[in-house]
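Asks: My questions are about this predicted structure, shown below with the sequence.
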Amino acid sequence: MRAEKSDLRREAGQRTRDGLLTAAVELLAVRGQEGVTLREITESAGVNVAAVSYHFGSLKGLCDSAIEYALERYLDAQVQELVSLESSSTLQELAAAFARPMVRALAAGGSELATIRTVARVGIDPPQGWERLAGKFEQARREAVRVLAVCLPGVDEQELVFRTRCAAGLLNWLALAPIGAELAATPADDVERQLVPVVAGAFHGYP
């Protein structure tokens, strides 16, 4: 019986922690780290202020954890798409895989879009602790360059990395710009049809 109570408390604590992270991500997506308050987050999550101190230590600790949570979710989704590509994949297939987490978020709206917008905001001003996820950023770039090197054999690796970073910047901008709001709730197939050629163009360069 004591073990069961302990498990129930642990599960309740995890739900509280997850609820705070979700609420923080959604508010950070709208206002950024300087625009959110502890009370707003706890009211949105339906918990008391003491829960933040218990699970995260402070408002800053919660925001930092929420940002890492959003980044990790995005990177995991992007890497999963990229590692499934064959080296012989086309530029269009690469662009589709690279953009798919963004496409899904734009089409879904809600918490998925909030996660992507949080990622986009912190991409402009990286937080402390960013280095912890450096390996995942590097994996995403490496998987993209693996396919790009076959598609564009005359372009050196440094240039391919630059184009990959530019494509990522384009997606970040899209999440925050008015055009991203216009695409919200648009069917994913329609978003992908419009977005993939643009991302492929960033990868291909000119001429």
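Replies: All right, it came through fine. Numbering: from 1, shown residues only.
Asks: Leaving aside the residues adjacent along the chain, what's closest to the residue nearest in space to the middle of the chain?
Replies: Centroid-nearest residue in the chain: Tyr74, 3.2 Å away (criterion: C-alpha atoms, centre = their mean). Nearest residue to Tyr74 in three dimensions, chain neighbours excluded: Val119, at 4.7 Å (C-beta to C-beta, 6 or more residues apart in numbering). For every residue, glycine as well, the C-beta is placed using N, CA and C.
Asks: packing partners for the one helix or strand that neighbour maps to?
Replies: Secondary structure assigned from DSSP states H and E places Val119 in helix 110-124. Counting contacts by 3 or more C-beta pairs under 8 Å, 6 or more residues apart in numbering; DSSP states H and E, helix 110-124 is packed against helix 2-31, helix 59-83, helix 91-108, helix 157-176.
Asks: Save those as CSV, and put in distance to Arg146 and mean pLDDT too.
Replies: Listed next are the helices and strands packed on helix 110-124 as CSV, based on distance: least, C-beta to C-beta, whole Å; pLDDT from 0 to 100:
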stretch, distance to Arg146, mean pLDDT
helix 2-31, 31, 79
helix 59-83, 8, 88
helix 91-108, 9, 90
helix 157-176, 10, 91
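Asks: For Ala184, find the nearest of these.
Replies: Closest approach to Ala184 among these is made by helix 91-108 (6.0 Å; C-beta to C-beta).
Asks: Buried residues in that closest one, which are they?
Replies: 91, 93-107 (16 or more other C-beta atoms under 10 Å).
Asks: That one packs against which elements?
Replies: On a contact count with 3+ C-beta pairs under 8 Å, 6+ apart, helix 91-108 meets helix 59-83, helix 110-124, helix 134-151, helix 157-176, helix 178-183, helix 188-204.
Asks: okay, the angle between the longest one and helix 134-151?
Replies: By that I understand helix 59-83. Relative orientation of helix 59-83 and helix 134-151, computed by axes from the mean of the first three to the mean of the last three C-alpha atoms, to 10 degrees: 30 degrees.
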